[in-house]
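fold the following and give me the result.
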Amino acid sequence: MTKIIAFVAGDVQRDRVVPPSGITARLTAFAAAAMAFLAVFALALSLASGRLAARWGDELARSSTLRISAPEEQMAQQTTAALRVLETTPGIASARALSEEEQRLLLAPWFGPDLPVDSLPIPQLIEILESDEGYDAAGLRLRLQAEVPGAVLDDHTRWRKPLEQAAGRLRMLGLLSVVLIAATTAAMITLAAQAALAANAQVIAVLRLVGARDGYIAQAFVRRFTLRALGGAAAGTLIGMGAVMLLPAASAEGGFLTGLGFRGAGWFWPLLIPPLAGAVAYLATGQAARRVLRELA
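Residues are numbered from 1 along each chain as shown. Next up is the predicted model:
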């Protein structure tokens, strides 16, 4: 902790080696702020994708649909038989047949609100909600095949897995974006540090003549560029968090396009961006300083 405080406080004489303003100072601060702003949104996307995958998995894993296709005169009888089977099946919390109005609402996005459900041979749908322990889908299908020939059980497996995979890949893309942003920040700060060192080649030569060691000179550049990156990243992070707060809250109507912000303890994750940016700048500037000083030797 003492070393960190001493690093932040700095040495007035040594700090004069690095110009306090100029294009490199503005470039470093701007690059760190811009990258931090983008990192906040990449992190928000990654965390939101994780929540989305969990929500989709929970919703689809605990529900199933039973579809009954039968002649009109047998539909009521088979529906009653199917409900009787479902009520006696271990692992099923509840089962109910959807009304014509509910089925009309389900079909409305594809066929419009005026679909004549009562005059079309539309299968009867039964909503199944599982209990915590779940049910044996294979055994239930065998019972239905024997007692309700027109029933088809859909446990949503074919829908759940692709949705969870898509959300998982979005989360990985978000994390990859954060890594690429960190690498881009390191590259830009390295170029800025090299430009500053090259521009101060004569000053470095004079310092060497009066006995200054390369470590002393390099530390001046490392400190100045680390603090510039830290300050710029802090500003970019605060602006990014403010922008995320303005995004619409999660809603069923908006789907994935809403609820992209942070929740609860997730708001602490963006606060790690400025320290990480400072660490990246520290390492990148140190390597650049050592390399340029060797070339100027």
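
what about the protein, any weak spots by pLDDT?
For the chain, residues meeting the criterion pLDDT under 70 lie at 1-22, 53-62, 109-120, 156-160, 249-260, 297.

repeat that for 90
1-31, 41-179, 181-229, 243-269, 276-297 (pLDDT under 90).

give me the most central residue, it.
Centroid check for the chain by Cα atoms, centre = their mean gives Ser46 as the closest residue, at 0.8 Å.

distance check, that one against Arg223.
Going from Ser46 to Arg223 by Cβ to Cβ, to the nearest Å gives 32 Å. Where you see a C-beta, it was placed from the backbone N, CA and C, and this is true even at glycine.

go on, Asp136?
66 Å.

between those two, which is the more surrounded one?
Neighbours per residue, other Cβ atoms under 10 Å: of Asp136 and Arg223, the larger number sits with Arg223, 21 against 12.

let me know the helix or strand that that one is in.
With secondary structure defined by DSSP states H and E, Arg223 is part of helix 214-245.

how about the helices in the stretch 101-250 of the chain?
For the stretch 101-250 of the chain, the helices defined by DSSP state H, counting those that start in this stretch occupy 137-147, 157-199, 201-209, 214-245.

packing partners for the helix or strand following the last one?
Taking DSSP H and E as the definition, the helix or strand that follows helix 214-245 towards the C-terminus is helix 273-296. In terms of contacts (3 or more Cβ pairs under 8 Å, 6 or more residues apart in numbering; DSSP states H and E), helix 273-296 is packed against helix 23-61, helix 157-199, helix 201-209, helix 214-245.

please state the offset of helix 273-296 from the chain centre?
Relative to the chain's own centre, helix 273-296 is displaced by 29 Å; criterion: Cα atoms, centre = their mean, to the nearest Å.

got the angle for it vs helix 201-209?
Angle, helix 273-296 to helix 201-209, by axes from the mean of the first three to the mean of the last three Cα atoms, to 10 degrees: 80 degrees.

give the buried residues for helix 273-296.
Neighbour-count burial for helix 273-296, counted by 16 or more other Cβ atoms under 10 Å, picks out 273-274, 276-278, 280-282, 284-286, 288-289, 292-293.

likewise stretch 211-227?
Residues of stretch 211-227 classed as buried by neighbour count (16+ other Cβ under 10 Å): 212, 214, 217-227.

and the closest residue to Gly266 other than its chain neighbours, how many neighbours does it have?
Nearest residue to Gly266 in three dimensions, chain neighbours excluded: Leu47, at 5.3 Å (Cβ to Cβ, 6 or more residues apart in numbering). Leu47 has 20 neighbours, counted by other Cβ under 10 Å.

list the contacts of Leu47.
Contact partners of Leu47, counting by Cβ atoms under 8 Å, 6 or more residues apart in numbering, are Arg171, Gly174, Phe262, Arg263, Gly266, Trp269.

quick one: those residues as CSV, columns for neighbour count too.
As requested, these are exported to CSV (neighbours: other Cβ atoms under 10 Å):
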residue, neighbour count
Arg171, 19
Gly174, 20
Phe262, 19
Arg263, 12
Gly266, 15
Trp269, 14
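
any chance of the residues you listed in JSON lines, plus distance to Leu105?
JSON lines is the format used below for those (distance: Cβ to Cβ, whole Å):
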{"residue": "Arg171", "distance to Leu105": "32"}
{"residue": "Gly174", "distance to Leu105": "34"}
{"residue": "Phe262", "distance to Leu105": "33"}
{"residue": "Arg263", "distance to Leu105": "30"}
{"residue": "Gly266", "distance to Leu105": "34"}
{"residue": "Trp269", "distance to Leu105": "39"}
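
how about the closest residue to Ile128 other than its chain neighbours, secondary structure?
Leaving aside its chain neighbours, Ile128 sits nearest to Ser64 (4.1 Å; criterion: Cβ to Cβ, 6+ apart). Following DSSP: H, G, I helix; E, B strand; the rest coil, the label given to Ser64 is strand.

what does Ala70 give?
Following three-state DSSP, the label given to Ala70 is coil.

residue contacts, the closest residue in space to it that isn't next to it in sequence?
If the residues on either side of it in the chain are set aside, Ala70 comes closest to Gly150, at 3.9 Å by Cβ to Cβ, 6+ apart. Listed by Cβ under 8 Å, 6+ apart, the contact set of Gly150 reads Ile68, Ser69, Ala70, Gln74, Gln78.

I'm done for today, thanks for sticking with me.
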